[in-house]
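>>> Fold the following for me, if possible:
(one chain, ligands or ions: 1)
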Amino acid sequence: MLKRGPSSTAGVNRGPFLTPDVAVVGAGPVGLAIAWRCAQRGLRVAVHDPAPGSGASYVAAGMLAPVAEAYFGERELTGLLTESAGRWPGFAAELTEATGADIGYRTEGTLMVGLTADDLAEARRLWAYQQGLGLPVTPLRPSQLREREPALAPGVRGGALAVTDHQVDPRRLVAALRGAAERAGVLLVPEPVRQLSDVAAGVTVVAAGCGAAALTGLPVRPVKGQVLRLRASGGGPPGFRHVIRGYADGEHVYLVPRDSGEVVVGATVEERSDVDISAGAVLRLLRAAVDLLPELAEYDLVETVAGLRPGTPDNAPILGPLPDRPGVLAATGHHRHGIVLTPVTADLITGLITGEGADEPLLTPFRADRFRIHSAGSEQSREDDAWN
Ligand SMILES: Cc1cc2nc3c(=O)[nH]c(=O)nc-3n(C[C@H](O)[C@H](O)[C@H](O)COP(=O)(O)OP(=O)(O)OC[C@H]3O[C@@H](n4cnc5c(N)ncnc54)[C@H](O)[C@@H]3O)c2cc1C
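Numbering: from 1, shown residues only. Next up is the predicted model:
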C-alpha cells in the first residue's frame, strides 16, 4: 500500500515529525501493536488517542484461549485465534526484550470444568466439537483435576485441560506496547479523532475498538462485560495456577490467577452500552466463582469494572481496506478476542501497509466488505439482511 519499503535500520524516527506514513486511531493493544510493527519497518507513525489503554483492554481478563473459545459455527475465527496464539510466545518474548517489562505472560494452561452433571454434559458437547476440530482438549477425571488444582471444590464433576490456552495481563501488555512503540519512534497524539478526514497520513488505520463505528460506519457494537478483581489476603499468590473456566449450576465463569495475587473473575455478556455495575451480576459471578473454588470467599474484592467489547455481527474482527475509502484500513471488531488476536492483527495490517502481505489468505474471511457499511450508524451485515 505504501511505497516505502522495509528499512534495515528499523524505525527510530527521532527527527522533526513530518506528516506520518501511518496514522493509527486508537491506542489499545491492537492500535499500539500495529504502530510498533510499522515503526519497526521504518515507517513514520502517529497514534491518536486521548486515553491510551482505556478501552476494552483495561477490563479484559487476558485469556489467550483459542481452544476454550472455539465455539460452534466460528470455524474461521478459530483458525485465526489458533494462528495468533501460536505467535504469542515470540511476540511476548520480543516485547519483553524491547522493554524489559513483565507482561504477565503465563503458560500453565486452562482447566475447563463442570460443577454439576448438567454442567458437565453441556461442557462435554463443546469439548467434543473442539476435539473434532483437532484442538488439544484432554478430558480429566475429578481426581486428576484435583491433582492439578487441589483448591477446586470437591463437588466438581469433571473437566478437561486445554494445555495451549495461556494468559497475559492486558494492562501490563498495553503499557509495554506503548513503551515499545515510543522507543521505536511512534508519536502519541493525545487527542480524539472526530472524523477521518481530519487525519493527514499516507495510510490511516482505524483501531478504535467500539469507537470505530462512528468513524467508519462499520457494524461494530458495544457488548458489555462486567468483571471482578479479587486479591488473595495477605499479599501472596492465589491458591491455584491454571486459568479455570467453568460451568457452575448453569452460570459460565472464568477465574484468571495472576502472580501479583490478583484473580480476575468474569464476565457478563450484555447487549448494552453502559458501564454500570449491577448487584445481580456481582452476585452471580461471585456465587459461580466460589462454587468452583471455595477459598475465593476469603479473598478481598478489590475492583468491580465493566467494559465494552467491540462486537461484530459474526463475532469476528474486521481487518483490511474499507471499500470506497482509499488509504483507510480497519483493524477493529475483535470482540472477545482482541488480546489473543493482537500479534496476528499487527502482522497482517503491517503487511498490508508495506505491501508485502497484500495477498495474505488469512485475511480473506475478515475483510470489511463482508458487511454493508452505512454512514449513519444503522449498519447491518449481509448475513442479517439474508435472515430478515
Ligand atoms: C469483560 C471483558 C473481558 C475480555 N476478556 C478478553 C480475554 O480474556 N481475551 C481476549 O483476547 N480479549 C478479551 N476481551 C476483549 C478485548 O479486550 C478487546 O477485544 C480488545 O481490547 C480490543 O482491542 P482494541 O485495541 O481494538 O480496542 P480497545 O482495547 O477498546 O481500545 C480502543 C482504544 O481506542 C481509543 N479510541 C476510541 N475512539 C477513538 C477516537 N475517535 N479517537 C482516538 N482514539 C479513540 C480508546 O480510547 C481506546 O484506547 C475482553 C473484553 C471485555 C470487555
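>>> how about the residues of the stretch 251-388 of the chain that lie near the ligand?
266-267, 307, 309-310, 332, 334-340 (C-beta under 6 Å from any ligand atom). The C-beta positions use only the backbone N, C-alpha and C, and glycine is treated the same way.
>>> I meant to write the stretch 1-150 of the chain there.
25-31, 48-49, 51-57, 59-63.
>>> Just the buried ones among those, please.
25-31, 48-49, 52-53, 55-57, 59-63 (16 or more other C-beta atoms under 10 Å).
>>> In helices only, show me those.
29, 30, 31 (DSSP state H).
>>> for these, which one is nearest the ligand?
Nearest to the ligand among those, counting by C-beta to the nearest ligand atom, is residue 30 at 3.5 Å.
>>> mind checking how far that closest one is from residue 371?
Taking C-beta to C-beta, to the nearest Å as the measure, residue 30 falls 18 Å from residue 371.
>>> now swap in residue 70 and tell me
Using C-beta to C-beta, residue 70 is found at 23 Å from residue 371.
>>> all helices for this structure, in order.
29-40, 75-99, 117-132, 142-148, 170-183, 212-216, 279-292, 342-354, 382-387.
>>> Deepest in the core, which of those is it.
Of these, the one with the most neighbours on average (mean count of other C-beta atoms under 10 Å) is helix 29-40, at a mean of 30.
>>> Which strands or helices does it pack on?
strand 22-25, strand 45-48, helix 170-183, strand 328-332, helix 342-354 (3 or more C-beta pairs under 8 Å, 6 or more residues apart in numbering; DSSP states H and E).
>>> Reformat these as CSV; add mean pLDDT.
CSV is the format used below for the helices and strands packed on helix 29-40 (pLDDT from 0 to 100):
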stretch, mean pLDDT
strand 22-25, 98
strand 45-48, 98
helix 170-183, 98
strand 328-332, 98
helix 342-354, 98
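>>> Same list (these) but as CSV, adding distance to residue 272.
Below are the helices and strands packed on helix 29-40 laid out as CSV (distance: least, C-beta to C-beta, whole Å):
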stretch, distance to residue 272
strand 22-25, 24
strand 45-48, 27
helix 170-183, 21
strand 328-332, 19
helix 342-354, 25
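>>> I'd like to know which of those lies nearest to residue 250.
Of all these, helix 170-183 sits nearest to residue 250, with 27.8 Å by C-beta to C-beta.
>>> Give me the contact list for the closest one.
12, 27-29, 32-33, 35-36, 39, 45, 47, 52-53, 57-58, 60-62, 95-96, 98-99, 101-104, 188, 339, 342 (C-beta atoms under 8 Å, 6 or more residues apart in numbering).
>>> again, only using 6 Å
29, 32-33, 35-36, 52-53, 57, 60, 62, 95, 98-99, 101, 103-104, 339 (C-beta atoms under 6 Å, 6 or more residues apart in numbering).
>>> Over to stretch 96-113?
Stretch 96-113 is contacted from outside by 68, 92, 156, 159-163, 165-169, 172-173, 176, 179-180, 241-246, 258, using C-beta under 6 Å, 6+ apart.
>>> returning to that earlier point: just the residues of the stretch 251-388 of the chain next to the ligand now: which is nearest the ligand?
residue 338 (2.2 Å).
>>> What is the burial count for that closest one?
25 (other C-beta atoms under 10 Å).
>>> Which neighbouring residues are in contact with it, exactly?
With C-beta under 6 Å, 6+ apart, residue 338 has these contacts: residue 30.
>>> one more time with 8 Å
Counting by C-beta under 8 Å, 6+ apart, residue 338 makes contact with 28, 29, 30, 56, 57, 60, 209, 309, 310, 317.
>>> Among the residues you listed, which ones are in strands?
Residues of the contacts of residue 338 located in strands (DSSP state E): 309, 310.
>>> ok, the closest residue to the ligand within the stretch 51-200 of the chain - contacts?
Nearest to the ligand, among the residues of the stretch 51-200 of the chain, is residue 55, at 2.3 Å (C-beta to the nearest ligand atom). Contacts for residue 55 were tallied using C-beta under 8 Å, 6+ apart; they are 26, 28, 208, 209, 210, 211, 307, 308.
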